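1. requesting a structural model of the entry that follows:
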Amino acid sequence: MSTVDSSLRRPAPWAVVASGLAVVAVAFGLSRYGYGLLLPEMRRSLGLGLGTLGVIGAGSYASYLVASLAAPRLLSRWGLRWTVVLGGLAATGGMLLCAAATGAVSLGAGITLAGASAALVWPPYIAAVETHLAAGRRPRAHGLINSGTAYGVAVAGPLSLVAGSSWRTAWIVFAVLAVAVTAWCALVLGPHRSSADTGERGAPLRAVARRQGPGLLATAALLGLVSGCYWTFGVEVATAAAPVGGSSGAVFQLVVGLSGVAGGAVGALLTRTTLPRLLALMALTLGAACLLLTAGPAWLVLLSAVLYGAAFIASIGLLVIWNTHVVPGAAATGVATSMLAMGAGLVLGPPLAGAAADTWGIDAVFLACIPLCAAVAVLGRDPRSTSA
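-> Residues are numbered from 1 along each chain as shown. This next block holds a predicted model:
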């Protein structure tokens, strides 16, 4: 008989990374982006207006913010395993509500519940990587897990195109995948409490935010602003430009998601350069993606999607790595505060961009995003990021 309690055994590093990638794929790629991918058919089937759909989408971001506030306390009290399970259940329940939706209220309830899942599953895996992987392997692991969004879209995108009017079936398939992935995560993380759980104790959000500094949090907020504008109005530009005909909006979202797979290599790229330089490069690539949406030829819209998807996922990965160096004893809480800052940008971006588009046109929205991307490049030169 082993002298070591099996409940205290560490999970295999590959299992931590693979299950983390899978649950991020569910929480972001299926739960969140599934709404946008299935939106055209849901809108026609349920007879919903654009204003109603905007309010429903905002509910997802609102629950994401609330769950971000709750995540550190849940980690402290419940540990990694049960916080992830709660997030997986939120994704499953929300998507099943979407499958059964009969109108704005039921669809809104499902999207709001599912929106909380991302904020509950991601921080525990930040802590799991910091606990169970050797220091030299952590940056690459964070980058791979963060790119799970792209893999989720790789599943959701084609399925949404094939599903067509059978959007309810698509939501049910997504929910079944969520159950399977959540069960896998529960097995990998195990019943024990790791040092990461206790490491998050005594690390309130406000104290962690002070240690992070304004540069990191401002970077997160600006990335949220740019993302909110790009996702909301990029689809409009793609639909109007119609580079691939009537399905251009859906294809645009699919290309953005799929190109994010390349962003998962950001951890490996850090072995060749520094975080400030790589973040500056990604920020300038985001700016170029925004500029291409105003450049004219329809095919440039798809090139913009490729650049944006890869650069955005890479930028978020760099933000995570920056967090782990600035607040190493509370990395999961640090990611939660960063998500709050990014969530604020995501909430503020679309209405501000909408007002600007009404006054100056949609091109002005993307031109205004370019200096925001430049600001990210400057903020990344924060001295506290150079050690990363």
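2. secondary structure element for residue 10?
-> Residue 10 belongs to no helix or strand when assigned by DSSP states H and E.
3. how much space separates it from residue 330?
-> According to Cβ to Cβ, to the nearest Å, residue 10 stands 20 Å off from residue 330. Yep, even glycine has a C-beta here, placed from its N, CA and C like the rest.
4. between the two, which one's more packed in?
-> Neighbour count, other Cβ atoms under 10 Å: between residue 10 and residue 330, residue 330 has more, with 29 against 14.
5. give the buried residues for the helix or strand harbouring residue 367.
-> Assigned by DSSP H and E, residue 367 belongs to helix 362-379. By neighbour count on 16 or more other Cβ atoms under 10 Å, the buried set for helix 362-379 is 362, 365-370, 372-377, 379.
6. would you put the C-alpha positions of that helix in CSV?
-> Taking Å, rounded to 0.1, in the frame of the first residue of the first chain, the C-alpha atoms of helix 362-379 are listed here in CSV:
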residue,chain,number,x,y,z
ILE,A,362,-18.3,53.1,-38.5
ASP,A,363,-14.8,53.7,-39.9
ALA,A,364,-14.3,56.3,-37.2
VAL,A,365,-14.8,53.6,-34.6
PHE,A,366,-11.9,51.5,-35.9
LEU,A,367,-9.6,54.5,-36.5
ALA,A,368,-10.2,55.5,-32.8
CYS,A,369,-9.2,52.0,-31.7
ILE,A,370,-5.7,52.4,-33.2
PRO,A,371,-4.4,54.9,-30.6
LEU,A,372,-5.9,52.7,-27.9
CYS,A,373,-3.8,49.8,-29.2
ALA,A,374,-0.8,52.1,-29.3
ALA,A,375,-1.4,53.0,-25.6
VAL,A,376,-1.3,49.2,-24.8
ALA,A,377,2.1,49.0,-26.4
VAL,A,378,3.3,51.9,-24.2
LEU,A,379,1.7,50.6,-21.0
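7. residue 365 against residue 351, yeah?
-> No. The criterion here is Cβ atoms under 8 Å, and residue 365 misses it with residue 351 at 11.6 Å.
8. what's downstream of the helix or strand of the chain with the lowest mean pLDDT, the next helix or strand?
-> When each helix and strand of the chain is scored by mean pLDDT, DSSP states H and E, helix 195-199 comes last, with a mean of 44. The helix or strand immediately downstream of helix 195-199 is helix 205-241, counting by DSSP H and E.
9. which elements pack onto that following helix?
-> If contacts are counted by 3 or more Cβ pairs under 8 Å, 6 or more residues apart in numbering; DSSP states H and E, helix 205-241 sits against helix 248-263, helix 275-292, helix 299-326, helix 331-360, helix 362-379.
10. turn the ones you listed into JSON lines, including mean pLDDT.
-> Formatted as JSON lines, these follow (pLDDT from 0 to 100):
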{"stretch": "helix 248-263", "mean pLDDT": "85"}
{"stretch": "helix 275-292", "mean pLDDT": "95"}
{"stretch": "helix 299-326", "mean pLDDT": "92"}
{"stretch": "helix 331-360", "mean pLDDT": "83"}
{"stretch": "helix 362-379", "mean pLDDT": "93"}
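11. in TSV: those helices, plus distance to residue 103.
-> As requested, the helices and strands packed on helix 205-241 are exported to TSV (distance: least, Cβ to Cβ, whole Å):
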stretch	distance to residue 103
helix 248-263	23
helix 275-292	36
helix 299-326	32
helix 331-360	23
helix 362-379	30
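12. of all those, which one is nearest residue 90?
-> Closest approach to residue 90 among the helices and strands packed on helix 205-241 (Cβ to Cβ): helix 331-360, 15.0 Å.
13. would you mark the buried spots in the closest one?
-> By 16+ other Cβ under 10 Å, the buried positions in helix 331-360 come out as 331-347, 349-350, 352-354, 356-357.
14. next: stretch 234-244.
-> Buried, per 16+ other Cβ under 10 Å, within stretch 234-244: 234, 235, 237, 238, 239, 241, 243, 244.
15. tabulate those residues (CSV), appending distance to residue 118 and pLDDT.
-> Formatted as CSV, the buried residues of stretch 234-244 follow (distance: Cβ to Cβ, whole Å; pLDDT from 0 to 100):
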residue, distance to residue 118, pLDDT
234, 20, 86
235, 20, 80
237, 26, 88
238, 24, 88
239, 26, 82
241, 30, 88
243, 30, 87
244, 29, 86
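16. find the nearest non-adjacent residue to residue 324, please.
-> residue 331 (4.6 Å; Cβ to Cβ, 6 or more residues apart in numbering).
17. was I right to think that neighbour contacts residue 325?
-> No. Using Cβ under 8 Å, residue 331 makes no contact with residue 325, being 9.0 Å away.
18. roughly how far does the residue nearest to residue 324 sit from residue 355?
-> Residue 331 sits at a distance of 37 Å from residue 355 (criterion: Cβ to Cβ).
19. got it, and residue 273?
-> Distance of residue 273 to residue 355, computed by Cβ to Cβ: 38 Å.
20. residue 148 and residue 17 touch, don't they?
-> No. The criterion here is Cβ under 8 Å, and residue 148 misses it with residue 17 at 9.8 Å.
21. more neighbours, these two?
-> residue 148 (30 against 24).
22. so where does the nearest residue to that one once chain neighbours are set aside fall, helix or strand?
-> Spatial nearest neighbour of residue 148, excluding adjacent residues (Cβ to Cβ, 6+ apart): residue 24 at 3.1 Å. Per DSSP H and E, residue 24 falls inside helix 13-24.
23. quick one: list the elements packing against that helix.
-> Against helix 13-24 (3+ Cβ pairs under 8 Å, 6+ apart) you get helix 50-99, helix 117-132, helix 138-146, helix 148-163, helix 167-189.
24. which strands and helices sit next to the helix holding residue 367?
-> On a contact count with 3+ Cβ pairs under 8 Å, 6+ apart, helix 362-379 meets helix 205-241, helix 275-292, helix 331-360.
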